[in-house]
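Engineer: the following block contains a protein sequence and its predicted model.
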Amino acid sequence: MAPMASHPQTLPKTPPKTPPTVGFDLDMTLIDSRPGIRATYLALSAETGVPIDCDLVVSRLGPPVEEELANWFPAAEVAAAADRYREIYPTHAITPTGALTGAREAVAAVRALGGRAIVVTAKHEPSAKLHLAHLGIEPDAVIGRLWAEAKADALLAHGAGIYVGDHTGDVRGARAANCLSVAVTTGPCDADELREAGADVVLPDLTGFPAWLSSWVSSGAGRV
């Protein structure tokens, strides 16, 4: 997506935690999982005979797979379809999926400050770990099957002060955990949607995150 013009950010009034614990979403924040997810839905459609518009599916990633499958399968079949999706996912989705620009550097930036980087995602946790291992991204913890406000459970448990995501659901999760919400426009939500949802910081992608994080931490008062 095209870079955005700089704009004032709403930042916390209290000093940041040093070193910081930073949570990251996975799909469309750290990784571009669209090719792999599309391939998995194509395989599921072929296996079940249920037509699925896979291009539409990958244009709106974020919510749990059950929510998407409910658009294509009868309600009574959604749970079984989700189980099968997760079973075939590693075969179809891991290899085609790449890291988004700046993802490795963003995680490294947290470590360079002595902090912890965790991944909190709606994705099935074993699949999330397969993606990260395949791409050589090594967070301190991976917590799966949490969406929107439910992400606060993991963020609070790990003492996170910042949560980085691409979806308005990620913003809601950050707010529920009293985290600073850093949003990137690499997913389905644009800058206006993310700000309207309550994002404190909106970046076009993760390439600017290391400099922003360093400034935020070194400020001592949460101002850049």
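Structural biologist: Thanks, I have the structure now.
Engineer: spit out the contact partners of the spatially most central residue of the chain.
Structural biologist: Here the mean C-alpha position of the chain is nearest to the C-alpha of residue 25 (C-alpha atoms, centre = their mean), at a distance of 2.2 Å. When contacts are counted by C-beta atoms under 8 Å, 6 or more residues apart in numbering, residue 25 touches 119, 120, 121, 163, 164, 165, 166, 167, 170. To be clear about C-beta, it is placed using only N, CA and C from the backbone, and glycine gets the same treatment.
Engineer: those residues: which two are farthest apart?
Structural biologist: 119 and 167 (14.5 Å; C-beta to C-beta).
Engineer: now for the lowest-mean-pLDDT helix or strand in the chain, which elements pack on it?
Structural biologist: Least confident helix or strand, the chain: helix 209-219 with a mean of 92, by mean pLDDT, DSSP states H and E. Applying 3 or more C-beta pairs under 8 Å, 6 or more residues apart in numbering; DSSP states H and E, one finds that helix 209-219 contacts helix 103-112, strand 180-184, strand 201-203.
Engineer: what lines up beside the shortest one in the sheet?
Structural biologist: When you say that, I think you mean strand 201-203. strand 180-184 (parallel) (DSSP bridges).
Engineer: any stretches of this structure with poor pLDDT?
Structural biologist: Within the chain, the ranges that satisfy pLDDT under 70 run 1-18, 220-224.
Engineer: tell me the domain ranges of it?
Structural biologist: The record's domain parsing of the chain by automatic domain parsing lists 21-32+98-219, 34-93.
Engineer: rewinding a little: among the contacts of residue 25, which are in helices?
Structural biologist: Secondary structure defined by DSSP state H assigns residue 170 of the contacts of residue 25 to helices.
Engineer: of the contacts of residue 25, closest to residue 129?
Structural biologist: Nearest to residue 129 among those: residue 119, at 8.8 Å, using C-beta to C-beta.
Engineer: surely residue 175 forms part of a helix?
Structural biologist: Yes: according to DSSP: H, G, I helix; E, B strand; the rest coil, residue 175 belongs to a helix.
Engineer: okay, it and residue 156: tell me how far apart.
Structural biologist: Distance, residue 175 to residue 156, by C-beta to C-beta, to the nearest Å: 12 Å.
Engineer: do the same with residue 205
Structural biologist: On the measure of C-beta to C-beta, residue 205 and residue 156 end up 27 Å apart.
Engineer: now that residue 201 has come up, it's in contact with residue 185, right?
Structural biologist: No: in this structure, residue 201 is not within contact of residue 185 by C-beta atoms under 8 Å, at 11.6 Å.
Engineer: now do the helices in the protein.
Structural biologist: 34-48, 54-58, 65-69, 78-93, 103-112, 125-135, 151-157, 168-176, 191-197, 209-219.
Engineer: buried residues in the fourth one?
Structural biologist: Just to be clear, that refers to helix 78-93. Buried residues in helix 78-93, counted by 16 or more other C-beta atoms under 10 Å: 78, 81, 82, 84, 85, 89, 90, 92, 93.
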